[in-house]
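Engineer: using only what follows, build the 3D model:
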Amino acid sequence: MTLAEEIVTLASAKSLTVTCAESCTGGMVAAAITDVAGSSAIFERGFVTYANLAKQEMLGVSGATLDAHGAVSEQVAREMAAGARSAARADVAVAISGIAGPGGSEFKPEGRVCFALAQNGDVSSETVEFGAIGRANVRARARDHALRLIRDALITK
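Structural biologist: The predicted structure is shown next:
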């Protein structure tokens, strides 16, 4: 069973809904979930907010947070997750913002991805350094990590 199939099975069994707010993955998490038959019962909408303006307009991310920490930060990922959960009226929301590459800087290297999970009014976050493994690989690993975060949250709900 794939991670996405596990998510649909777990969420369906518990009558829970999920959503996602994606930047560097560009909708890959939503695509993985909606590839599963029956996903419409647990997934109503997701958000691809690649630009900062989209993060602000669609998810309510603060301009001050973006200015202070940059889009690739746990602070922004937390605001993205909380905003997505609220906008979708979902039980669980995951957010992803990172630098898939090529490029980056000494302060924010290629392969750095920030994740956040919003549920029960709580928001947690973490940063994963995937390294300079190539754009496609960073995006795929970020997608899979986000799916694991959702699955694990559903197991404990």
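Engineer: every contact and neighbour count from this point should use C-alpha atoms.
Structural biologist: OK.
Engineer: where does G103 land on pLDDT?
Structural biologist: Looking at G103, its pLDDT is 86.
Engineer: okay, the closest residue to it other than its chain neighbours: pLDDT?
Structural biologist: In space, and not counting its chain neighbours, G103 is closest to E110: 5.7 Å by C-alpha to C-alpha, 6 or more residues apart in numbering. With respect to pLDDT, E110 scores 95.
Engineer: show me the contacts for E110.
Structural biologist: Counting by C-alpha atoms under 8 Å, 6 or more residues apart in numbering, E110 touches 99-104, 131-132.
Engineer: and if you look at E79?
Structural biologist: E79 touches 59-62, counting by C-alpha under 8 Å, 6+ apart.
Engineer: and with 10 Å instead?
Structural biologist: 21, 55-56, 59-62, 65, 85, 95, 116-118, 123 (C-alpha atoms under 10 Å, 6 or more residues apart in numbering).
Engineer: report the buried residues of the helix or strand hosting it.
Structural biologist: Using DSSP states H and E, the element containing E79 is helix 74-88. Buried residues in helix 74-88, defined by neighbour count with 16 or more other C-alpha atoms under 10 Å: 74-88.
Engineer: ditto for stretch 101-109
Structural biologist: 101, 108-109.
Engineer: convert the host helix or strand of S97 to PDB, retaining C-alpha atoms only.
Structural biologist: Using DSSP H and E, S97 sits within strand 92-98. What follows is strand 92-98, C-alpha atoms only, in PDB (Å, rounded to 0.1, in the frame of the first residue of the first chain):
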ATOM      1  CA  VAL A  92      -5.000  17.900   9.000                       C
ATOM      2  CA  ALA A  93      -2.800  20.200   6.800                       C
ATOM      3  CA  VAL A  94       0.700  19.900   5.700                       C
ATOM      4  CA  ALA A  95       2.800  22.700   4.200                       C
ATOM      5  CA  ILE A  96       6.000  22.600   2.200                       C
ATOM      6  CA  SER A  97       8.400  25.300   1.300                       C
ATOM      7  CA  GLY A  98      11.900  24.700   0.100                       C
END
